[in-house]
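In: What shape does this take:
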Amino acid sequence: MSRRYQEGCLYRERRNAGPDVWVFRWRDGTVNRKEKVGTVDEFATKSAAMRACEQIRANINRDTRSPRTFGELASHYAEHELPTKTPYTGEVYAGYLKTWILPKWASSLLSDVKAVAVESWLSGLSLAPGTKAKIRNLMHAVYNHAMRWEFAYTNPITLVRQSAKRTRVPDVLTTLEIGSLLVELENPWRTAVYVALTTGLRVSELLALKWADFDFVAGEIQLSRGIVRQHVGEMKTEASRKPIPLDDRLASVLLTWRGSCPYNQDGDFLFGSPGKGGTQPYWPTAGMEDHVRPAAKRAGIQKRVGWHTLRHSFGTLVKSQGADVATTQALLRHANVSITMDRYVQAVTPAKREAQSRIVKSLPFPNVPMRLTTGVATV
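Out: Numbers count the residues shown, from 1 in each chain. Alright, predicted model coming up:
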């Protein structure tokens, strides 16, 4: 049964402070709804305000009703947009919506979500600036979705200011700390940490590596995939897909590992998990919690060590060895939209190779007996 056509009604509402406002009211099933159209300063006459109501009335009377509240819009976004994301990104977005955004904004009409109110709400959340920025950006994406579907004509989140700048400087490891850590580690984690520290790879890229990605003749590592929660996907940016140099000393460490690890064919993961028959790499969280952090504690390292600590340490070491901004950016494969930084994107390969070689020389691989965590002895 089709719904009755809604003409709605427009009336003038007095305010204790500020000018009167025009309000449009209609019936949505058994629920009375209303939406502010504008002030009398914006629409001096009722006929002018009524003309401004035409889009509202059109949305109300569509065969498939347009979302009226942010909660309804978020459901529409989740249905049409989240399936296009990677599984991990979809989970993260759904979690942000459920945990933070919808409890505050689900019942708000789309037109009632204002930039200043969102900005004030974000400032009151006890979250890291980076997390707040992600929440802000997700709300912006939801409103962009509304604009594509013609549910809204403006995006109020565009005006929301939210910095992602860290409140504290991330920890980095010194060469002495790195040496102590490597001595305390056993394989495969000793080699994994060493590769991370001498290449700057993200952990999703590190654990997605296969032996076929290494060109030991040309001295390059080809990057084409990442893995998050055991879901393999492509690199997101062109910068991330650029090959990185493979120093001779690093190659020697890798070939030694290849000769002793159980999965050493071209199609095998570099750090294949015996628990999965090598079909999947190790879980990074388990490796960090069960092996790397305990080793760091035994080494007397007081800093909070995580996989990204290794990447930060690599970047810091590259800069400390005298590499220029262009070479550092190229080795870390940062995609940067700044015009100034774009001038440095094309760092030459010899410079990148030299910078990486300095890092490898400064971090000698421990020449001590090693054994696999699976119990297989190696040297």
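
In: From now on I want contacts and neighbour counts done on CA atoms only, so please keep to that.
Out: Noted.

In: any weak-confidence spans in this structure?
Out: 1-6, 28-30, 60-65, 166-168, 236, 239, 322-352, 367-379 (pLDDT under 70).

In: Break it into its domains for me.
Out: 9-60, 70-159, 175-378 (automatic domain parsing).

In: Any chance of JSON lines for those, columns mean neighbour count and distance to Lys165?
Out: Below are the domains of the chain laid out as JSON lines (neighbours: other Cα atoms under 10 Å; distance: least, Cα to Cα, whole Å):
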{"stretch": "domain 9-60", "mean neighbour count": "15", "distance to Lys165": "36"}
{"stretch": "domain 70-159", "mean neighbour count": "16", "distance to Lys165": "6"}
{"stretch": "domain 175-378", "mean neighbour count": "18", "distance to Lys165": "16"}
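
In: could you dump these to JSON lines with distance to Val169?
Out: Output for the domains of the chain, formatted as JSON lines (distance: least, Cα to Cα, whole Å):
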{"stretch": "domain 9-60", "distance to Val169": "45"}
{"stretch": "domain 70-159", "distance to Val169": "13"}
{"stretch": "domain 175-378", "distance to Val169": "10"}
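
In: And the nearest residue to Ile135 once chain neighbours are set aside, how far from His231?
Out: Once flanking residues are discounted, Ile135 sits nearest to Tyr96: 6.6 Å by Cα to Cα, 6 or more residues apart in numbering. Going from Tyr96 to His231 by Cα to Cα, to the nearest Å gives 20 Å.

In: just Ala44 next, same as before
Out: On the measure of Cα to Cα, Ala44 and His231 end up 58 Å apart.

In: CA-only coordinates of stretch 78-95 in PDB, if you can.
Out: Provided in PDB are the C-alpha atoms of stretch 78-95 (Å, rounded to 0.1, in the frame of the first residue of the first chain):
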ATOM      1  CA  ALA A  78      26.900   0.800   5.600                       C
ATOM      2  CA  GLU A  79      24.700  -1.100   3.100                       C
ATOM      3  CA  HIS A  80      26.200   0.400  -0.100                       C
ATOM      4  CA  GLU A  81      29.700   1.500   0.800                       C
ATOM      5  CA  LEU A  82      31.200  -0.800   3.400                       C
ATOM      6  CA  PRO A  83      31.100  -3.900   1.100                       C
ATOM      7  CA  THR A  84      33.500  -2.000  -1.200                       C
ATOM      8  CA  LYS A  85      36.100  -1.600   1.500                       C
ATOM      9  CA  THR A  86      38.600  -4.200   2.600                       C
ATOM     10  CA  PRO A  87      37.300  -6.500   5.400                       C
ATOM     11  CA  TYR A  88      39.500  -4.800   8.000                       C
ATOM     12  CA  THR A  89      38.500  -1.300   7.000                       C
ATOM     13  CA  GLY A  90      34.900  -2.300   6.900                       C
ATOM     14  CA  GLU A  91      35.200  -3.600  10.500                       C
ATOM     15  CA  VAL A  92      36.900  -0.500  11.700                       C
ATOM     16  CA  TYR A  93      34.300   1.800  10.100                       C
ATOM     17  CA  ALA A  94      31.400  -0.200  11.500                       C
ATOM     18  CA  GLY A  95      33.100  -0.100  14.900                       C
END
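
In: Return the distance of it from the chain's centre.
Out: Chain-centre distance of stretch 78-95: 12 Å, with Cα atoms, centre = their mean, to the nearest Å.

In: OK, contacts around the closest residue to Trp26 other than its chain neighbours?
Out: The spatial neighbour of Trp26 that comes closest, neighbours along the chain excluded (Cα to Cα, 6+ apart), is Gly8 at 4.4 Å. Each residue near Gly8 by Cα atoms under 8 Å, 6 or more residues apart in numbering is listed here: 24-27, 57.
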